[in-house]
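*Asks:* below is the sequence, then the predicted model.
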Amino acid sequence: MTDILIASNGHGEDVIAGRVLDRLVAQRPDLSIEGWPMVGEGAAYAARGIPTVGARNLLPSAGFATLDPRLMIGDLKAGWIGTYLRQARDARALRGRYRMIVAVGDIVPIGAAVLARTPFVFIGCAKSTYYRPRHGYTGFEKWLLRRYCTEAYPRDALTAAALERAGVACRYLGNPMMDGLEGTGDRLGIGDDETVVGLLAGTRADAEANMLDLLAAAGRAPHHMDASARLRFVFAARPELDPAALAPAIAADPRLGAWRVVSSGPRGGDGVVMRLDHPAGMQALVTKGRFADVLRLSSLVVGMAGTANEQAIGLGIPLVAVPAAGIQGERYVRMKMEYFGGSALYAPRDPDAIAGAVAQLLADPGRCARMAAAGRERMGEPGASEAIAAAILRHFDGIAAGRAAA
């Protein structure tokens with residue numbers, strides 16, 4: 001019998017699962033662990049050499065079908081019903097294979113653990129009481145957790161209190177999303193007197209299209225503020241970005257004619273793979289592998305991302321939230337704004353609107369300070385991965401001892 005199965009349902013959930021997994025292995029190297037990436041390809045597990053099981057949701061919406069009827073229609077055409085039937089069948093087939101399941105995400109891995117009839121704990125990284133009721137925990141989800149879950153670890157203290165009132169066994173141990181964001185301290189060649197605006201284009205297939213839109217918005221900054229020459233726009237690009245393909249896309253975009261690519265390709269080991277100049281004195285940098293450094297340098301962030309947007313507000317960085325070109329579009333961002341509350345400013349997918357929002361925030365330090373406080377409150381402190389791993393091991397030891405006694 002394998003010791004632990006970690007089931008997660010999404011890219012951000014996989015990243016969180018990976019962080020907790022690392023701490024589990026560090027504290028107990030002898031554990032046998034497998035993963036079930038229920039949505040996507042499971043890169044976080046593959047990178048760690050963790051064997052995977054179970055059917056995967058590779059549908060077009062990547063798990064966001066409930067946000068938009070058009071996404072649901074696309075998923076239905078692509079086999080939505082069959083996908084979830086296969087996952088339910090595979091979950092039932094897990095009975096007796098694991099001592100314990102760690103469910104990461106929302107009701108999908110919860111349901112899998114229940115169908116597997118295996119003791120499980122739940123890391124709740126998708127839902128929060130900061131959302132309106134429609135996007136918070138439903139009565140059915142609370143009942144499942146109350147009835148079947150050994151212990152739940154919600155993402156914030158407000159949600160933990162609400163689940164406790166509903167009779168769910170839970171503890172708030174922090175938010176794993178805030179772990180691993182220490183950065184290197186490298187300023188990427190940016191001067192202390194220059195203002196950094198972080199640009200988060202996401203890690204999905206629409207990332208390069210998002211980058212062009214964000215660069216167009218950066219180019220409009222001189223029309224909205226006087227001190228634009230001091231601005232440094234820094235992209236935290238996804239690992240798959242090909243600078244050689246991005247450069248001609250920039251040259252071909254009529255909105256970006258003022259930007260000039262001055263270098264392309266890695267130089268000096270600082271993670272900067274592209275540099276651009278603007279006649280107004282502004283510069284743009286494209287980095288890879290320097291996400292935490294970009295956040296730490298930024299006075300504010302413009303984000304078309306998912307988890308990355310949340311990590312930004314958690315570090316106290318004011319966020320301009322913008323719909324992405326793909327599945328994290330208008331409906332997704334409107335839903336996320338319920339959670340962000342006062343920590344973020346919404347801007348439509350329009351270069352002038354985005355540039356105006358950036359100028360508005362940079363001119364209002366008081367509002368930025370209030371946004372920073374709201375973001376930190378929602379996202380919590382780092383260290384949760386270690387604490388949750390320790391809690392999981394306590395329950396695992398209890399389960400293992402009980403079975404040994406039996």
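*Replies:* Cool, got the structure.
*Asks:* so where is the chain shaky, pLDDT-wise?
*Replies:* By pLDDT under 70, the low-scoring segments of the chain are 267-268, 403-406.
*Asks:* now with 80, please.
*Replies:* 62-68, 265-270, 402-406 (pLDDT under 80).
*Asks:* can you map out the strands along it?
*Replies:* For the chain, the strands defined by DSSP state E cover 2-8, 33-37, 98-104, 120-124, 149-154, 195-200, 231-237, 260-264, 272-277, 283-288, 300-303, 319-321, 344-346.
*Asks:* which strands and helices sit next to the first one?
*Replies:* Put plainly, it is strand 2-8. helix 11-27, strand 33-37, strand 98-104, helix 107-115, helix 384-405 (3 or more CB pairs under 8 Å, 6 or more residues apart in numbering; DSSP states H and E). Quick note: C-beta positions are derived from backbone N, CA and C, even for glycine.
*Asks:* contact partners for the residue most central in space within the chain?
*Replies:* With distances taken as CA atoms, centre = their mean, Thr307 lies nearest the centre of the chain, 1.6 Å away. Each residue near Thr307 by CB atoms under 8 Å, 6 or more residues apart in numbering is listed here: 11-12, 15, 177.
*Asks:* adding distance to Asp350 and neighbour count, write those out as JSON lines.
*Replies:* Listed next are the contacts of Thr307 as JSON lines, based on distance: CB to CB, whole Å; neighbours: other CB atoms under 10 Å:
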{"residue": "His11", "distance to Asp350": "27", "neighbour count": "22"}
{"residue": "Gly12", "distance to Asp350": "27", "neighbour count": "22"}
{"residue": "Val15", "distance to Asp350": "30", "neighbour count": "20"}
{"residue": "Met177", "distance to Asp350": "29", "neighbour count": "23"}
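*Asks:* thinking again about what came up before, could you dump the strands of the chain into a markdown table and include distance to Ile388 and mean neighbour count?
*Replies:* Shown next, in a markdown table, are the strands of the chain (distance: least, CB to CB, whole Å; neighbours: other CB atoms under 10 Å):
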| stretch | distance to Ile388 | mean neighbour count |
| --- | --- | --- |
| strand 2-8 | 12 | 25 |
| strand 33-37 | 15 | 23 |
| strand 98-104 | 9 | 26 |
| strand 120-124 | 6 | 26 |
| strand 149-154 | 5 | 22 |
| strand 195-200 | 26 | 26 |
| strand 231-237 | 26 | 26 |
| strand 260-264 | 41 | 15 |
| strand 272-277 | 34 | 21 |
| strand 283-288 | 29 | 23 |
| strand 300-303 | 26 | 27 |
| strand 319-321 | 25 | 26 |
| strand 344-346 | 26 | 21 |
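*Asks:* one step back: most packed of the helices and strands packed on strand 2-8?
*Replies:* Most buried of the helices and strands packed on strand 2-8 by mean neighbour count (mean count of other CB atoms under 10 Å) is strand 98-104; its value is a mean of 26.
*Asks:* run through who's touching that strand.
*Replies:* With CB under 8 Å, 6+ apart, strand 98-104 has contacts from 1-9, 13-14, 16-17, 20, 34, 94, 109-110, 112-113, 116, 118-123, 125, 149, 392, 395-396, 399-400, 403.
*Asks:* and it, which strands flank it?
*Replies:* Partner strands and pairing direction for strand 98-104 (DSSP bridges) are strand 2-8 (parallel), strand 120-124 (parallel).
*Asks:* of those, which is nearest Ala43?
*Replies:* strand 2-8 (11.6 Å; CB to CB).
*Asks:* and the closest one, how far out from the chain middle?
*Replies:* Strand 2-8 sits 21 Å away from the centroid of its parent chain (CA atoms, centre = their mean, to the nearest Å).
*Asks:* what's in contact with it?
*Replies:* 14, 16-17, 20-21, 24, 31-39, 50, 53-54, 94, 97-105, 109, 112-113, 116, 118, 392, 396, 400.
*Asks:* let's see that with 7 Å instead.
*Replies:* 14, 17, 21, 31-38, 94, 97-105, 109, 112-113, 396 (CB atoms under 7 Å, 6 or more residues apart in numbering).
*Asks:* settle this for me: Arg331 is touching Asp68, isn't it.
*Replies:* Yes. Counting by CB atoms under 7 Å, Asp68 is a contact partner of Arg331 at 4.8 Å.
*Asks:* show me the helices in the stretch 251-400 of the chain, by range?
*Replies:* Under the criterion DSSP state H, counting those that start in this stretch, the stretch 251-400 of the chain carries helices at the ranges 291-297, 307-314, 330-340, 351-362, 365-379, 384-405.
*Asks:* dump the fifth one to PDB, keeping only the CA atoms.
*Replies:* C-alpha atoms of helix 365-379 as PDB (Å, rounded to 0.1, in the frame of the first residue of the first chain):
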ATOM      1  CA  PRO A 365       0.500  56.600  -2.100                       C
ATOM      2  CA  GLY A 366      -2.200  56.600   0.500                       C
ATOM      3  CA  ARG A 367      -4.400  54.400  -1.600                       C
ATOM      4  CA  CYS A 368      -1.500  52.100  -2.400                       C
ATOM      5  CA  ALA A 369      -0.800  51.700   1.400                       C
ATOM      6  CA  ARG A 370      -4.500  50.700   2.000                       C
ATOM      7  CA  MET A 371      -4.300  48.200  -0.900                       C
ATOM      8  CA  ALA A 372      -1.100  46.700   0.500                       C
ATOM      9  CA  ALA A 373      -2.800  46.100   3.900                       C
ATOM     10  CA  ALA A 374      -5.900  44.600   2.300                       C
ATOM     11  CA  GLY A 375      -3.800  42.200   0.200                       C
ATOM     12  CA  ARG A 376      -1.600  41.000   3.100                       C
ATOM     13  CA  GLU A 377      -4.700  40.400   5.100                       C
ATOM     14  CA  ARG A 378      -6.300  38.200   2.400                       C
ATOM     15  CA  MET A 379      -3.200  36.200   1.600                       C
END
